[in-house]
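Engineer: My questions concern the predicted model and sequence given below.
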Amino acid sequence: MPLHGACWFLCCRQGFSLLGREHGEKEEEEEEESFELRNKDAQTGQLEVTLSQPTQSANGTPSLSGVSEENSRLIVKKAMEDDPEVLVKGWLLREMSGGWLRQRRFWFMLTADSLDCYSGPERDARRLSMLVLTSLCSVLWPDKHTYKQTDSQYTAGGRSHTQPPHPACFPDCYWSLTVYGRKHCYKLFTKHFNEAVHWACAVQKVIDSKAPVETPTQLLIRDIEENKFNLEVVEHIYQHNPILTYTQSPLYAPLLPFPYGSLDHTHMAGKGYTSVREEAVRLFNCLQQLESAPEPVPLIQGILQTGLDLRPLRDELYCQTIKQTSITHTNTTTQTEPNPQLRYWQLLTCMSCTFLPSSSVLRYLRFHLKRVQSVCVDSEVESYAWFIAQALEKTRCRECVPSWEEIQGLMSRQEMLCTVHYPGPGCCRIAISSHTTANELVRKMAERLGLQDSPNTFALFEQRRSYGCPADRWERVIGGGTIIADVITRFENLSVKEPDSEWRLCFKLYCLLDTDNISTDSIEYLFLYEQCHEMVVRGQLPACEDDLLSLAALRLQAVQGDYSSLAPFPALEQVFPARVLEARALLTPTDPPGCPPPFPAGLLAGALWGHKRREEQDQRLRARLREEAALTTAAILERWKALSGYSRRDSMAAYLTIARQWSGFGCTLYEVDFYISSTGSFSQRLWLGVAASCVSLYRQGEAEALECLPIAQICSYGVSDSNTFRITAGDRDLLFETSKLTEIMQLMNAYFSATRRQLGKDDCITMETTPKLRPSLLELPSHPV
């Protein structure tokens, strides 16, 4: 008896499922009166398509008369005189949210106003659902990504959950298109790509034929724009339209129209965003939380991050904030009453320094600020309004969300202090705003250090130093138009990811146009000395070993004074290039003399012996490095003792005298792979030296240049590929492969611009870049002082 009962239950359940599959539940979209859908001037468009009437096959499935089975599921065409309102109709699979079948087969009809879903093609077939098409609807077109997803979906899942009801009629892979409406979303599948594209194109044409939907907020903003000189009318609009003013009630729909649809198919899906409309409502909820939040900075950063990620939401965010900061004559607060809108003003201040709205919302914002300044009696609110108005004139879209320190400064309308280091142990604290660029900060630093009259130019560099290894340093020049606040924010983010590293700004010499006339008493002379020492330590100053030992001793004398047995000796790599020690150690054979080669008895024994032999070689190499380091340290100490009595200035002068013996002194070296035409490949690793007078090529470690191209002979230079740099001199083209393309371009631009200013020639060189890849930064990365 229990067995018969179970069978009866299963049969009934299957019968109900089949009945539901045939008729389904009606999902007709309600035509509610909603402000985001209010559109009295909607225009209907007609699509010119040729349709034919489907016939019914013997087994009840629709088919096309006179059409092969391969094309039987293409769009069913129908004569326009039979039903002129129907633009396209045919069988499609639709993804269902409930039931034991994920995809079900329905008859769809597209009209000038809606996309309707029917149980079949008969005239008396029941309409199961209707998706009203407006200008806010959207279509997700078929692509290969969704095609592959559908394939894996059908092959990986169980048969009862993933296969359609008629396996013989459906392929293994499906092309999908998705139509998003206000309440419904149709995710449709078909076997043929042309059919999916035809449906998507037809639906899109209907959507494009609709008049744009306007919300009440948009209409009111237009009324305010038209009556901005009639203050009585404007105040009347504010008093009789609460949607424009501050509220403590939640917002259930966006203030501006947004297309229906999800962000799941975009790169923003990984950040947790759902749809633009839902994110707009969530934003207003976050705004209201600011009033009671004990610490508003994290909330403000989250709101600003959403605005940077989702560009369409910027206008909505500005409109919501303007709404929450708007006042009327009846709700103005006095100086003694707490102002609940203060947090919104702080948010609006941060927004005005991070990104700008569109031109129409920007005009509305400026009118709002002027109105608040004329109506409000709160001096602090007036100060915020004035600050925001000034910021709007300078703001460019930021790359990063403002840092914690910057937001704290913006909330109190104050500048923040930025620490800028320079060669040597010194640093300066400079006040900057959210709009200060690298060029402006370079100018401030030059004035602070008295370098504004120097013929050389300076630039800002971002540096990374490891706490465990001070000699491990990486640096890169900062473009002149870069916003410094973005760099500081990036440093904060990197310090969290790399706690063992220190990121900082450094002010340094950039273009060395005149190194002979620098006064030894100036701080610029210290810059030249410190930067020359950095090149020596990196191994980028070709010199003999004797000169390198003398340079190391002079460095110790300049930094620590006369030799003393109690004086601490710094790490050797801080005064002597580590490359020289490694090269010297590698010259010594790692295998002891007379050691016969291994003769493994078997494969496993040979592998074990090879691993053991490599470990022994590494140990001997490390021991050889320690021996070379001890010998080099002893030689440096002997030379240091001989320098007793040298002052700091004398030691620096002697150091630079030795360094100037190199003909390429003052140039910046970059590692490049030189293209050899005979082999047709980039096979020779060289140094590319960029200086004020010439561009030279050096073998690494050699002082003599292989090639020297004077500036006057260079016809053009630029980027010819993603990582290829080209210089044209006369009838010769020199190609280099390097990862420093942007930095080389910046430096050459700076040198040529400085040369033009000095010589007064505007046509000394022509810049040339191919359409494949233009240099990302063509402006000067430093400001000439």
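Structural biologist: Looks like it arrived, so ask away. As the structure is a prediction and not an experimental result, all values here were calculated from the model.
Engineer: rest of the way, CA atoms for contacts and neighbours
Structural biologist: Noted.
Engineer: longest helix anywhere in this protein?
Structural biologist: Under DSSP state H, the helix in the chain containing the largest number of residues is helix 603-642.
Engineer: Next SSE downstream of that helix?
Structural biologist: Where DSSP states H and E defines the elements, the next helix or strand beyond helix 603-642 is helix 648-659.
Engineer: need the next SSE after that next one, C-terminal direction.
Structural biologist: Next element after helix 648-659 (DSSP H and E): strand 668-676.
Engineer: who does that next one touch, helix- and strand-wise?
Structural biologist: For strand 668-676, the packing partners by 3 or more C-alpha pairs under 8 Å, 6 or more residues apart in numbering; DSSP states H and E come out as strand 681-690, strand 732-737.
Engineer: got any ranges where the stretch 601-750 of the chain has weak pLDDT?
Structural biologist: 601-611, 676-683 (pLDDT under 70).
Engineer: give me that answer again for 80
Structural biologist: Along the stretch 601-750 of the chain, segments meeting pLDDT under 80 span 601-614, 617, 675-684, 720-722.
Engineer: For the stretch 251-400 of the chain, just list every one of the helices.
Structural biologist: 276-289, 297-309, 313-325, 342-352, 359-375, 379-392 (DSSP state H, counting those that start in this stretch).
Engineer: now the ones you listed as TSV including mean neighbour count, distance to E638 and mean pLDDT?
Structural biologist: TSV is the format used below for the helices of the stretch 251-400 of the chain (neighbours: other C-alpha atoms under 10 Å; distance: least, C-alpha to C-alpha, whole Å; pLDDT from 0 to 100):
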stretch	mean neighbour count	distance to E638	mean pLDDT
helix 276-289	19	69	93
helix 297-309	18	58	95
helix 313-325	23	68	96
helix 342-352	23	60	96
helix 359-375	16	71	94
helix 379-392	18	61	94
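Engineer: Centre of the chain to the longest helix of the chain, how far?
Structural biologist: The chain centroid and the centroid of helix 603-642 are separated by 45 Å, computed with C-alpha atoms, centre = their mean, to the nearest Å.
Engineer: Next one: S519 relative to L451, how far apart?
Structural biologist: Distance, S519 to L451, by C-alpha to C-alpha, to the nearest Å: 12 Å.
Engineer: So those two - more neighbours on which side?
Structural biologist: Neighbours of S519 and L451, each counted by other C-alpha atoms under 10 Å, are more numerous for L451; the result is 19 against 11.
Engineer: ok but that one is inside a helix, no?
Structural biologist: No - counting by DSSP: H, G, I helix; E, B strand; the rest coil, L451 is not found in a helix; it is coil.
Engineer: Geometric centre of the protein: which residue is closest?
Structural biologist: E399 (6.9 Å; C-alpha atoms, centre = their mean).
Engineer: hang on, that one packs against D486?
Structural biologist: Yes - using C-alpha atoms under 8 Å, E399 is in contact with D486, at 6.3 Å.
Engineer: What about the residue nearest to the centre of the chain? Give its phi and psi, please.
Structural biologist: The phi and psi values for E399, taken as degrees, to the nearest 10, are phi -90, psi -30.
Engineer: how about the helices of the stretch 251-400 of the chain in TSV, adding distance to P542?
Structural biologist: Listed next are these as TSV, based on distance: least, C-alpha to C-alpha, whole Å:
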stretch	distance to P542
helix 276-289	59
helix 297-309	48
helix 313-325	55
helix 342-352	51
helix 359-375	57
helix 379-392	50
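Engineer: and of those, who's closest to L256?
Structural biologist: Closest to L256 of these is helix 313-325 (C-alpha to C-alpha; 6.2 Å).
Engineer: Which other helices and strands does that closest one contact?
Structural biologist: Contact analysis of helix 313-325 by 3+ C-alpha pairs under 8 Å, 6+ apart lists helix 276-289, helix 297-309, helix 342-352, helix 359-375 as its packing neighbours.
Engineer: try 10 Å
Structural biologist: Counting contacts by 3 or more C-alpha pairs under 10 Å, 6 or more residues apart in numbering; DSSP states H and E, helix 313-325 is packed against helix 216-226, helix 276-289, helix 297-309, helix 342-352, helix 359-375.
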